[in-house]
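S.K.: A predicted structure for the sequence below; I have some questions about it.
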Amino acid sequence: MRKRAKILRDTTQGPGLLMMEGQQYRFSPEAWKSDAPPRPGLVVDVELGAQGAVQSITVVPDVQLQREQAEATSAATPNRPPSHSLHTSSTLIQLAAAGLLAATWSSLTAVNLAVPFPGKVEFTFWQILVFLNSGTAPELLDAHDSSSTGLYGVAAIVALAVPFLRRFWKSRLSLLGGLFPLLFMIAVAITFRRSVENINTISLDIGTYLSILIGLYLAFAPLKTFLVSQPKDAKHPESTQEKAA
């Protein structure tokens with residue numbers, strides 16, 4: 001059985017002494033198998049007999065010790081994910097947010113309108129696009145039965161896709177793409193309100209609030225990065241002037 005130990009005392013004045021697993025063991029000069037003489041502090045490999053007696057001792061080379069120390073340090077330190085993994089995780093989270101926003105637009109009630117008949121009409125955001133595409137107020141009550149969003153639907157898809165533009169376009173301006181879903185919702189809200197200006201009672205529902213929250217999420221991080229980052233070609237004016245002088 002081989003174990004790791006450290007020399008405590010050499011064999012110049014009798015048996016040597018080593019420390020192994022918290023216990024001290026004596027060894028004779030005959031057990032020493034390395035060319036270099038034993039000296040305190042040396043790290044050694046000890047071969048033990050069946051009864052636990054020291055049979056042979058060899059010095060552990062410095063190169064091996066350094067390699068073992070490097071491996072131990074590497075194992076103890078958590079590996080940092082590479083930058084592309086962080087980008088991938090960020091993209092997946094944004095894709096999930098965009099998918100949730102699309103689901104919210106199509107399935108959750110965004111506004112409630114009070115009309116003479118049938119009394120209340122509920123609209124999802126997507127149904128609002130259907131109504132806006134019709135372009136006429138009489139289609140208001142039939143918007144639920146129509147499936148055509150026209151250019152408004154195309155614009156909605158584009159608004160959901162633009163936040164991912166910076167994955168392909170490295171310009172700093174691409175960071176502003178995160179604002180598009182929120183800006184698109186604001187534009188639709190203004191257009192819709194003007195289209196139903198004769199209806200006084202309009203109340204917002206869960207779909208609107210959730211859509212705003214997701215839109216703010218998609219806009220916040222890219223906008224923050226845009227505001228704090230500097231263009232790559234930006235130079236300090238004073239430095240340029242000093243060079244010119």
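M.R.: Everything's here; your move.

S.K.: in this structure, spot the helix with the most residues.
M.R.: If each helix of the chain is counted by residues according to DSSP state H, the longest one is helix 83-107.

S.K.: what angle do the following helix or strand past that one and helix 83-107 make?
M.R.: Counting by DSSP states H and E, the next helix or strand C-terminal to helix 83-107 is strand 109-114. Calculated by axes from the mean of the first three to the mean of the last three Cα atoms, to 10 degrees, strand 109-114 forms an angle of 20 degrees with helix 83-107.

S.K.: show me the shaky parts of the chain.
M.R.: Counting by pLDDT under 70, the chain contains low-confidence ranges at 76-88, 117-119, 135-147, 229-245.

S.K.: please parse it into its domains.
M.R.: Under the assignment named as automatic domain parsing, the residue ranges that make up the domains of the chain are 2-76, 83-228.

S.K.: point out the most buried one among those.
M.R.: For the domains of the chain, ranked by mean neighbour count under the definition mean count of other Cβ atoms under 10 Å, the leader is domain 83-228 at a mean of 16. Any C-beta I mention is one placed from the backbone N, CA and C, and that applies to glycine too.

S.K.: off-centre distance for it?
M.R.: For domain 83-228, the separation from the chain centroid amounts to 25 Å (computed by Cα atoms, centre = their mean, to the nearest Å).

S.K.: for stretch 44-55, same thing?
M.R.: Taking Cα atoms, centre = their mean, the mean C-alpha location of stretch 44-55 is offset from the chain mean by 52 Å.

S.K.: who's in contact with that stretch?
M.R.: Applying Cβ atoms under 8 Å, 6 or more residues apart in numbering, the external contacts of stretch 44-55 come out as 1-7, 18, 20, 25-27, 31, 34, 38, 56-60.

S.K.: and if we set it to 10 Å?
M.R.: Residues outside stretch 44-55 that contact it (Cβ atoms under 10 Å, 6 or more residues apart in numbering) are 1-7, 15-16, 18, 20-21, 23, 25-28, 30-34, 38, 56-60, 64.

S.K.: what's the longest strand in this structure?
M.R.: What stands out as the longest strand in the chain, according to DSSP state E, is strand 2-9.

S.K.: and the contacts of whichever helix or strand comes after that one?
M.R.: The element immediately downstream of strand 2-9 (helix or strand, assigned by DSSP H and E) is strand 16-20. Residues outside strand 16-20 that contact it (Cβ under 10 Å, 6+ apart): 3-11, 24-29, 31-32, 38-40, 42, 44, 46, 48, 54, 57.

S.K.: Lys224: helix or strand, and which one exactly?
M.R.: Element membership of Lys224 [criterion: DSSP H and E] is helix 206-228.

S.K.: what's that helix packed up against?
M.R.: Other helices and strands packing on helix 206-228, by 3 or more Cβ pairs under 10 Å, 6 or more residues apart in numbering; DSSP states H and E, are helix 83-107, strand 109-114, strand 120-124, helix 125-134, helix 150-161, helix 180-195.

S.K.: parallel or antiparallel, which strands does the third one pair with?
M.R.: Looking at strand 120-124 with DSSP bridges, its paired strands and their directions are strand 109-114 (antiparallel).
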